[in-house]
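A.B. asks: When you get a sec, could you give me coordinates for this:
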Amino acid sequence: MTIDREFADATRFRVCFVCTGNICRSPMAATVFEHLAKKHGVADRLLVASAGISEYHVGETADPRTLAALTDAGYDAVAHRAKQFKAKWLDSFDLVIAFDRGQERALRSLARGDEQHSKIRLLLSFDPDATGQDVPDPYYSEDAFFGTVLHQIETAVGRLFRQIQPAMRP
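C.D. replies: Here you go, the predicted model:
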């Protein structure tokens, strides 16, 4: 099933995490979010995707360091394949989460009207204790930094999940 058809299902809450190439931050966030949904018994009421602003890595797996950080933390993202975000997806998703202000600007440039603009949020806007607005891109960093970024993403995704979880109950 293609992402376009799958995410046309308006009976479930639909969220897309968008980073630069869809091989580091966004697969981490989608994996953590899906894990929380399964853990709390609401996975059947959510549709979760991730994508990148760029087309650099379309079809690739997550970065090996991303996969290692996720595995070390008890998550599994081996099935992930990178996708590029398409403007038409703004009609299909209820929430589109960016990791930094550059991605947020790129997404807003694709948005048509207030409804689409209102769907776009920075991940750290859900974490009142976060320092700054951007989740740093670990791509050009040391391997250990991927774990640091994952921890930051886990915290913010957990707070996002707690905000929408009440709407997911039967």
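A.B. asks: Return the helix or strand in the protein with minimum mean pLDDT.
C.D. replies: Every helix and strand of the chain was ranked by mean pLDDT, DSSP states H and E. The lowest is helix 3-6, at a mean of 62.
A.B. asks: Which SSE is immediately downstream of it?
C.D. replies: strand 13-19 (DSSP states H and E).
A.B. asks: Show me what the following helix or strand past that next one is packed up against.
C.D. replies: Downstream of strand 13-19, the first helix or strand assigned by DSSP H and E is helix 25-39. When contacts are defined as 3 or more C-beta pairs under 8 Å, 6 or more residues apart in numbering; DSSP states H and E, helix 25-39 sits against strand 13-19, strand 46-52, helix 64-72, helix 143-168. Using the backbone N, CA and C atoms, a C-beta is placed for each residue, glycine as well.
A.B. asks: Identify the residues contacting helix 25-39?
C.D. replies: 15, 17-19, 43, 45-46, 48-52, 62, 66, 69-70, 75-77, 80, 82, 97, 99, 123, 135, 137-138, 149-150, 153-154, 157-158, 160-161, 168 (C-beta atoms under 8 Å, 6 or more residues apart in numbering).
A.B. asks: Tell me how many other residues crowd the closest residue to F85 other than its chain neighbours.
C.D. replies: Sequence neighbours aside, A51 is the residue nearest to F85 in space, at 3.9 Å (criterion: C-beta to C-beta, 6 or more residues apart in numbering). The number of residues packed near A51 is 24, by other C-beta atoms under 10 Å.
A.B. asks: which ones are touching A51?
C.D. replies: A51 touches C16, F17, V18, N22, S26, A82, K83, Q84, F85, K86, W89, counting by C-beta under 8 Å, 6+ apart.
A.B. asks: Check P136 too.
C.D. replies: Neighbours of P136 in contact, by C-beta under 8 Å, 6+ apart: D100, F145, V149.
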